[in-house]
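Enquirer: here is a sequence together with a model predicted from it:
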Amino acid sequence: DTAVSQTPKYLVTQMGNDKSIKCEQNLGHDTMYWYKQDSKKFLKIMFSYNNKELIINETVPNRFSPKSPDKAHLNLHINSLELGDSAVYFCASSQADNEQFFGPGTRLTVL
Amino acid sequence: AQSVTQLDSQVPVFEEAPVELRCNYSSSVSVYLFWYVQYPNQGLQLLLKYLSGSTLVKGINGFEAEFNKSQTSFHLRKPSVHISDTAEYFCAVSPRRGSGANNLFFGTGTRLTVIP
């Protein structure tokens, strides 16, 4: 009965590949987010999405795209992976502007 | 725009001693304030939050924080730490919106190490 789940937990891939990370929340929240945590542990918002708007952090390359098949899912698709994309990616969800609940993270390593 | 400064990147403290982790923020709008904890190889867990009301906020695991509007600070405290408190602590803010998505802006984190 995990609240926010992500798959896979670890992802190792070659440069230039395309990959997806899945996120699901069973909390009934209306908003979901993706954050990137770099090697220095710094966390930065990438996207936020609810059924009304998608907000994209302007610093995120357009190789990254969120895809939401339904309210409970927000997947992250990455094209043409680069070395600098290596990081831990966290999904989160919230109801309106209340506290956010985080998933366990996906550690992406690009070789 | 919002920014968060955590003044100490690492804080070592002996077991059962008190600890304070400092957080200052800057924002052109009213914000909500949060502290999250990240244990090794895990996700983030909410320790406490300030939305409105009393400026002294109590959270889980014996932590508390005080919102000081004039100093734009939200320092985290615990009177007596345990070994299990060793973790990375993140201060975060989000602008008050009332509806829709509300991004969190994080500080760079403070590594708390409790020494036996």
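Expert: Done, it's in.
Enquirer: what's near enough to touch the residue positioned nearest the centre of chain A?
Expert: Nearest to the mean C-alpha position of chain A, counting by CA atoms, centre = their mean, stands residue A:34 at 3.4 Å. Applying CB atoms under 8 Å, 6 or more residues apart in numbering or on different chains to residue A:34 gives the contacts A:23, A:45, A:46, A:47, A:66, A:74, A:76, A:89, A:90, A:91, A:92. Placement of C-beta: from N, CA and C, glycine included.
Enquirer: OK, contacts around the fifth one?
Expert: The reference is to residue A:66. A:34, A:47, A:49, A:54, A:74, A:75, A:76, A:77.
Enquirer: show me which residues of chain A sit near chain B.
Expert: A:4, A:31, A:33, A:35, A:40-45, A:48-50, A:52-53, A:55, A:57, A:90, A:92, A:94, A:96-97, A:99-105 (CB under 8 Å from any CB of the partner chain).
Enquirer: out of those residues, which are buried?
Expert: Buried by 16 or more other CB atoms under 10 Å in any protein chain shown: A:4, A:31, A:33, A:35, A:43-45, A:48-50, A:55, A:90, A:92, A:94, A:97, A:99-105, out of those.
Enquirer: in chain B, which residue is most central in space?
Expert: Among the residues of chain B, the one closest to the centroid is residue B:35, at 3.0 Å (CA atoms, centre = their mean).
Enquirer: from chain A, how far out is it?
Expert: 11 Å (CB to the nearest CB, to the nearest Å).
Enquirer: how far away is that residue from residue A:81?
Expert: Distance, residue B:35 to residue A:81, using CB to CB, to the nearest Å: 33 Å.
Enquirer: check residue B:61 too.
Expert: For residue B:61, the distance to residue A:81 - CB to CB - is 38 Å.
Enquirer: enumerate the residues of chain B near chain A.
Expert: Residues of chain B lying near chain A by CB under 8 Å from any CB: B:32, B:34, B:36, B:38, B:42-46, B:49, B:88, B:90, B:92, B:94, B:96-106, B:108-109.
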